[in-house]
Every structure is written in structure tokens, then in C-alpha cells.
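**Q** I'll drop the sequence and a predicted model, then ask my questions.
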Amino acid sequence: MDLYITLTAMLGVTGIAVFAGWRGARPPDLSRGPRLVPWRPIMMLSAVVLLMLLVHLVNLLGVQTGNR
């Protein structure tokens with residue numbers, strides 16, 4: 001992936017993480033029934049993907065992060 005695609009993916013994953021964090025922090029509404037989407041695991045998964053994309057971005061900028 002090049003720099004433009006990485007930055008776009010980081011922006012999208014950040015949006016998903018913020019949205020899922022907002023939805024997961026809302027109090028449950030028992031009159032509407034149980035939540036069917038697990039917002040907190042989605043938030044954590046998107047945070048992990050964001051961290052991986054951050055490492056990829058640093059590698060694209062020329063910093064060596066591996067053991068090679």
C-alpha cells in the first residue's frame with residue numbers, strides 16, 4: 001500500500017473506532033431490547049488495526065521496525 005491508501009485507511013478506521021466507542025458508551029435502553037451489535041469489541045478491533053496501520057505508515061516513512 002502506498003502513503004495515500006494508508007492515510008485513507010487510517011482515517012476510515014479511526015472513524016469506525018470513534019463511532020463504535022460512542023455507541024458502546026451509551027446506556028442500554030431496555031425498552032428497545034438487547035443490543036445486537038457488540039460495539040466494544042468492534043472498537044477494540046479497529047484500534048488494533050489502527051495501530052498496525054500506524055506501524056505501516058512509519059515503515060513507509062523510512063524507519064525500520066523489524067528484526068532484519
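**A** Ah, there it is. Numbers count the residues shown, from 1 in each chain.

**Q** Need the pLDDT of the closest residue to residue 2 other than its chain neighbours.
**A** Leaving out its chain neighbours, the residue that sits closest to residue 2 by C-beta to C-beta, 6 or more residues apart in numbering is residue 60, at 7.5 Å. From N, CA and C alone the C-beta is placed, and that goes for glycine too. Note for residue 60: predicted pLDDT of 92.

**Q** surely residue 60 meets residue 7?
**A** No. Using C-beta atoms under 8 Å, residue 60 makes no contact with residue 7, being 9.7 Å away.

**Q** and the most centrally placed residue in the chain, what does it touch?
**A** Nearest residue to the geometric centre of the chain (C-alpha atoms, centre = their mean): residue 46, 2.4 Å. Residue 46 makes contacts with 13-14, 16-17, 20, as judged by C-beta atoms under 8 Å, 6 or more residues apart in numbering.

**Q** That one and residue 9: what is the separation?
**A** Per C-beta to C-beta, to the nearest Å, residue 46 is found 11 Å from residue 9.

**Q** coming back round to it: tell me the phi and psi of the residue nearest to the centre of the chain?
**A** In terms of degrees, to the nearest 10, the main-chain angles of residue 46 are phi -70, psi -30.

**Q** helix or strand for residue 9, which one?
**A** In the assignment (DSSP states H and E), residue 9 maps to helix 3-25.
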